[in-house]
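Trainee: output the structure for:
(4 chains)
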There are 2 protein chains.
Amino acid sequence: MPPATRRSPARRAPVVRKPLADRREDLVEAALRVLVRDGVAAATTRAIVAEAGASLSAFHYCFDSREELLVLAAERITDRTVDHVREGFSADGDLRTVVVGALTALWERLEADPHRELIGYELSHHARHRPELRPAVARLFRHYLDVHEQFLADGAAAAGFTWTTPVPVLARLINSTLDGLALTWLVDRDGEAAREVIGALADALLAAARPA
Amino acid sequence: MPPATRRSPARRAPVVRKPLADRREDLVEAALRVLVRDGVAAATTRAIVAEAGASLSAFHYCFDSREELLVLAAERITDRTVDHVREGFSADGDLRTVVVGALTALWERLEADPHRELIGYELSHHARHRPELRPAVARLFRHYLDVHEQFLADGAAAAGFTWTTPVPVLARLINSTLDGLALTWLVDRDGEAAREVIGALADALLAAARPA
DNA sequence: AAGTGTCTGGGTCAATTGACCCATACGACT
DNA sequence: AGTCGTATGGGTCAATTGACCCAGACACTT
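Mentor: Numbers count the residues shown, from 1 in each chain, chains lettered A, B, ... in the order given. The predicted model follows:
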């Protein structure tokens, strides 16, 4: 009589085996997709492993907890921000052209995929009760501000202007307005109104520029 | 022998009985407090009834579902917005004084109790998966814009100016910037930076005003 | 080909949550 | 004082979720 614990040796579907690092990568990417598509509340471990095509055990083999994965996902978002913001930035033309063009590009990206950019805010709400998430969220926010500051500095340098208002203040103004605008747009979907606000924001920035 | 279903007639703590309308009111207010203090995710039926000092049955006696309560809470927030925004608004002095004063008052209120003003955004995230919540959230957002439009119209009238940019656009700019600013502030708690942005926003508004 | 450590399947477990039910106690009205 | 509709207490129930465990399958190395 075979040991009672022995399973039936029935043939099973071929199993995909991956090194730990690859599986972790899959799970982080899957988490990101679920976060963007369905939000933080829906990003349960089961939803994430389903998205990744992995099993629950694979998840617990790769990570100690769900929070650990979320932290990595937040950091991944941070890493990618630079590319996203730089995309569509052109330093050709006068200051107005550069500013309006860059802000419009930023907004169009937001409008095309608002949830992607807004996970940060959902994560920040979530971090209210998950202290371990706070550092990652703080880095994410700081990163956005840094990128906007860089954009302001590059734009002014390219067009031969200087800012009469401190660049960090302008960066925070841009960041806040775009985020608030996106939040409101998600509710009322009034893209035209949003674009007009972008125009007003551009005017505000231009009023704070003068020839170097 | 007494019926098996009969409970022991042991003395109980005095019971507070309230008419349905009062109990509903208690629950809505309790829900609001929990929402502000702990966020949407923590606003479970149990947390709400505990806050209200009611029982789970009382909850189900008063409402068909948790969503129904949340909708009422969202509407309650809407009703109160007017008072909050009007508070601290003064039409005395020139346009700069009025604008800076009003924006500062708005910001101070936000900084003093950020969660109160930001429930709307948490609710809007939540509404992504709860369609029945969407109308209430839409009303809430619309209401904020209306109030800011009113504020702009009143301020201009009081100081004898007109706006060169459409008032709805300016209202959306104010609304977006304040909300985005609050979101960022919640993460980095940099109040000084926020105030400087408020100043920049005031400059932007003043640049869109001219004598009537 | 045996050995060894890594990876996976398929469960379990306790906690939480929204919803719900029924018998009973209350109290306004008659 | 009796009646009747309303409010309440204290449970139950199924579903979901994060965490976890164990035996076995696999792929290297030697």
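Trainee: near chain B at all, the worst-scoring helix or strand of chain A on mean pLDDT?
Mentor: Of all helical and strand segments in chain A, the minimum by mean pLDDT, DSSP states H and E falls on helix A:66-86, at a mean of 82. No - Helix A:66-86 does not reach chain B (Cβ under 8 Å from any Cβ of the partner chain); its nearest approach is 11.7 Å. To be clear about C-beta, it is placed using only N, CA and C from the backbone, and glycine gets the same treatment.
Trainee: any idea how far A:Arg116 lies from chain B?
Mentor: 14 Å (Cβ to the nearest Cβ, to the nearest Å).
Trainee: the residue lying closest to that residue once chain neighbours are set aside: neighbour count?
Mentor: What sits nearest to A:Arg116 in space, not counting adjacent residues and going by Cβ to Cβ, 6 or more residues apart in numbering or on different chains, is A:Val36, at 5.0 Å. A count of nearby residues for A:Val36, using other Cβ atoms under 10 Å in any protein chain shown, gives 19.
Trainee: element containing A:Val36?
Mentor: helix A:20-38 (DSSP states H and E).
Trainee: report the inter-axis angle for the least confident helix or strand of chain A versus helix A:20-38.
Mentor: An angle of 70 degrees separates the directions of helix A:66-86 and helix A:20-38 when computed by axes from the mean of the first three to the mean of the last three Cα atoms, to 10 degrees.
Trainee: what is helix A:66-86 packed up against?
Mentor: With contacts taken as 3 or more Cβ pairs under 8 Å, 6 or more residues apart in numbering or on different chains; DSSP states H and E, helix A:66-86 sits against helix A:20-38, helix A:114-127, helix A:134-159.
Trainee: how about a cut-off of 6 Å?
Mentor: If you count contacts as 3 or more Cβ pairs under 6 Å, 6 or more residues apart in numbering or on different chains; DSSP states H and E, helix A:66-86 packs onto helix A:20-38, helix A:134-159.
Trainee: JSON lines for these, including distance to A:Val99 and mean pLDDT?
Mentor: Formatted as JSON lines, the helices and strands packed on helix A:66-86 follow (distance: least, Cβ to Cβ, whole Å; pLDDT from 0 to 100):
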{"stretch": "helix A:20-38", "distance to A:Val99": "29", "mean pLDDT": "91"}
{"stretch": "helix A:134-159", "distance to A:Val99": "6", "mean pLDDT": "90"}
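Trainee: any idea how chain A splits into domains?
Mentor: What the record gives for chain A is the domain set A:16-63, A:71-211, from automatic domain parsing.
Trainee: who wins for proximity to B:Gln150 among the ones you listed?
Mentor: Closest approach to B:Gln150 among these (Cβ to Cβ): domain A:71-211, 17.1 Å.
Trainee: now do the closest one: distance to the chain's middle.
Mentor: Centre-to-centre, domain A:71-211 and its host chain are 11 Å apart (Cα atoms, centre = their mean, to the nearest Å).
Trainee: so that domain, near DNA strand D or not?
Mentor: No - on the criterion Cβ under 7 Å from any atom of the strand, domain A:71-211 is out of touch with DNA strand D, staying 10.1 Å away.
Trainee: for that domain, measure first residue to last.
Mentor: Separation of the first and last residues of domain A:71-211 by Cα to Cα, to the nearest Å is 43 Å.
Trainee: that domain vs DNA strand C: in contact?
Mentor: No - if you take Cβ under 7 Å from any atom of the strand as the test, domain A:71-211 misses DNA strand C, and the best it gets is 10.6 Å.
Trainee: likewise for stretch A:45-64?
Mentor: Yes - using Cβ under 7 Å from any atom of the strand, stretch A:45-64 reaches DNA strand C at A:54-58, A:61.
Trainee: buried residues in that stretch?
Mentor: Residues A:45, A:47-49, A:51-52, A:54, A:58-59, A:62-63 are the ones in stretch A:45-64 that count as buried (16 or more other Cβ atoms under 10 Å in any protein chain shown).
Trainee: which one of the domains of chain A lies nearest to B:Ser124?
Mentor: Comparing the domains of chain A under Cβ to Cβ, the one sitting nearest is domain A:71-211, at 5.4 Å.
Trainee: for DNA strand D, see how far away A:Ser126 is.
Mentor: Small correction: residue A:126 is His, not Ser. 11 Å (Cβ to the nearest atom of the strand, to the nearest Å).
Trainee: and for A:Thr164, the neighbour number?
Mentor: When neighbours are counted by other Cβ under 10 Å, A:Thr164 registers 11.
Trainee: that one against A:Leu206, yeah?
Mentor: No - contact status for A:Thr164 versus A:Leu206: not in contact, 10.9 Å apart, counting by Cβ atoms under 6 Å.
Trainee: now A:Arg210: which helix or strand?
Mentor: If you go by DSSP H and E, A:Arg210 is part of strand A:209-211.
Trainee: which non-adjacent residue is nearest A:Arg139?
Mentor: A:Thr78 (5.6 Å).
Trainee: list the contacts of that neighbour.
Mentor: A:139-140, A:143 (Cβ atoms under 6 Å, 6 or more residues apart in numbering or on different chains).
Trainee: noted, bye for now.
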